[in-house]
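**Student:** Turn this into a structure:
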Amino acid sequence: MQMRTIMTRLSKNKVVLGLSGGVDSSTAALLLKEKGMEVIGFYFDVSGDNAEGAQAAADLAERLGIKFIKADVSREFEQIVIRNFCVEYSCGHTPNPCVICNPNIKFKKLIEIADREGAYYIATGHYARIHHDETNELYYVRKGANERKDQSYMLYRLGQDVLSRLIFPLGGFDDKEKTREMARDFGLPNAETADSQEICFIDETQESYQEFLTRKGYKCKEGDFVDADGNVLGRHKGIMNFTIGQRKGLGIALGKPAFVTEINPENNQVTLGSNDDLFKRDVYSIENVFADGTVLAEGESLQVRAKIRYTSKPAEAVITVAGEGRILTSFSEPQRAATPGQSIVFYVDDYVIGGGFID
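**Tutor:** I've put the predicted structure just below:
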């Protein structure tokens, strides 16, 4: 009853927008204003000391003529996102920080600020769309019109409490150039700014992710490179330096192309093999979530299209409950380099129905 009362007090003409200072979120603000909405720009500082970034976002908010709010979320970000990033790498996995940040930091904070400011809606500059299924009154993330920039993969863990209040103003743009063109027409200084880097909390021009992990106190012992039969090929400098499918930077010469095909943290071994060894039909996932809250019954199957990394295309597959909270995804065609720690995301047509972490 209290939640209903709160929701009735929220204005559907008011929206809190994640304002990073980049061209995408700035253009999203312009589109929302064009619709006559009252826009509040919200900047969250994940490092706690990014005064330059906060000021750039504040300057943009002033130019856009919108209210600006900033918050230091560095403590939560450190405990949830960075800690997960470090722990996952140290045990031989390859994490995706955005997938962790979105439900636990970014969209959670947007909802909190929206409730505080009396705004019903929240928004970001993601290239994705929201679909409201009126038959079951549920909301789904839908792929963006721009296939190359589509970011639906990163958003599969968002719940109905977020999806039902979420707007993606750029979702219908089929070309990033349209975003820049609108920013140019308005005279925004960031119209030509390059896209943000993959890991927002690591400046890759200054340090590698391995150096970042070491600085955070995570270290790995040397171990063996082995082949598929367990024969020792040489020594490696720690499993956190490798990811499935990696070819460069192995630190070993075998006289033929070699790829990381498996990382075994229990034995501290990195298995090397050929490119063909990387292709698998079956992928297991854990901590699976579904947009509609569905829990498949033991042995129940569902035809989907699934993708095992952000840059891959969805491929035909069947998902089946495999027990112990796991889902088995069986692809029609073998997929290259399914990587523990990354996400596998399930689609029906263009709609995200769920996903989990590759086990």
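
**Student:** where along the stretch 1-150 of the chain do the strands fall?
**Tutor:** Along the stretch 1-150 of the chain, the segments classed as strands by DSSP state E, counting those that start in this stretch run 11-18, 38-45, 67-72, 119-123, 128-133, 138-143.

**Student:** buried ones in the first one?
**Tutor:** What that stands for is strand 11-18. By neighbour count with 16 or more other Cβ atoms under 10 Å, strand 11-18 contains the buried residues 14, 15, 16, 17, 18. Glycine gets a C-beta too; all of them are placed from N, C-alpha and C.

**Student:** Quick one: low-confidence residue ranges for the stretch 151-300 of the chain.
**Tutor:** For the stretch 151-300 of the chain, no stretch has pLDDT under 70.

**Student:** Strands of that one, start to end?
**Tutor:** 166-167, 223-226, 232-236, 259-264, 269-273, 279-290.

**Student:** closest to residue 138 out of those strands?
**Tutor:** The closest of the strands of the stretch 151-300 of the chain to residue 138 is strand 279-290. By Cβ to Cβ, the value is 10.3 Å.

**Student:** Tabulate the strands of the stretch 1-150 of the chain (CSV), appending mean pLDDT.
**Tutor:** Below are the strands of the stretch 1-150 of the chain laid out as CSV (pLDDT from 0 to 100):
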stretch, mean pLDDT
strand 11-18, 98
strand 38-45, 97
strand 67-72, 98
strand 119-123, 98
strand 128-133, 97
strand 138-143, 98
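
**Student:** Present those strands as a markdown table; the columns should include distance to residue 29.
**Tutor:** Listed next are those as a markdown table, based on distance: least, Cβ to Cβ, whole Å:
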| stretch | distance to residue 29 |
| --- | --- |
| strand 11-18 | 6 |
| strand 38-45 | 5 |
| strand 67-72 | 11 |
| strand 119-123 | 8 |
| strand 128-133 | 17 |
| strand 138-143 | 21 |
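
**Student:** The ones you listed: which one's closest to residue 245?
**Tutor:** Of all the strands of the stretch 1-150 of the chain, strand 138-143 sits nearest to residue 245, with 24.2 Å by Cβ to Cβ.

**Student:** isn't residue 321 right next to residue 294, touching?
**Tutor:** No - between residue 321 and residue 294 there is no contact under Cβ atoms under 8 Å: 10.8 Å.

**Student:** Of the two, which one has the most company?
**Tutor:** Of the pair residue 321 and residue 294, residue 321 is the one with more neighbours under other Cβ atoms under 10 Å, namely 18 against 13.

**Student:** element containing the more buried one, please.
**Tutor:** Counting by DSSP states H and E, the element that carries residue 321 is strand 315-323.

**Student:** Quick check: next helix or strand after that strand?
**Tutor:** That would be, after strand 315-323 and using DSSP H and E, strand 326-336.

**Student:** That next one: which residues count as buried?
**Tutor:** In strand 326-336, counting by 16+ other Cβ under 10 Å, buried: 327, 328, 329, 331, 335.

**Student:** would JSON lines of those with distance to residue 186 and pLDDT be doable?
**Tutor:** Shown next, in JSON lines, are the buried residues of strand 326-336 (distance: Cβ to Cβ, whole Å; pLDDT from 0 to 100):
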{"residue": "327", "distance to residue 186": "45", "pLDDT": "96"}
{"residue": "328", "distance to residue 186": "49", "pLDDT": "96"}
{"residue": "329", "distance to residue 186": "44", "pLDDT": "98"}
{"residue": "331", "distance to residue 186": "45", "pLDDT": "98"}
{"residue": "335", "distance to residue 186": "42", "pLDDT": "98"}
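
**Student:** Please identify which of the residues you listed is nearest to residue 306.
**Tutor:** For the buried residues of strand 326-336, the nearest to residue 306 is residue 329 (5.3 Å; Cβ to Cβ).

**Student:** Beta-bridge partners for that closest one, please?
**Tutor:** residue 283, residue 319 (DSSP bridges).

**Student:** Make sure it is actually in contact with residue 280.
**Tutor:** No - contact criterion Cβ under 8 Å: residue 329 and residue 280 do not qualify, at 10.2 Å.

**Student:** contacting residues for residue 10?
**Tutor:** 114, 115, 118, 119, 120 (Cβ atoms under 8 Å, 6 or more residues apart in numbering).

**Student:** and it, how far is that from residue 127?
**Tutor:** 26 Å (Cβ to Cβ, to the nearest Å).

**Student:** before we move on, back to that, nearest to residue 352 among the buried residues of strand 11-18?
**Tutor:** residue 18 (19.2 Å).

**Student:** what's the burial count for the residue nearest to the closest one when sequence neighbours are not counted?
**Tutor:** With sequence-adjacent residues excluded and distances taken as Cβ to Cβ, 6 or more residues apart in numbering, residue 18 is closest to residue 124, at 4.4 Å. Per other Cβ under 10 Å, the neighbour tally for residue 124 reads 25.

**Student:** what do you get for residue 301?
**Tutor:** A count of nearby residues for residue 301, using other Cβ under 10 Å, gives 13.
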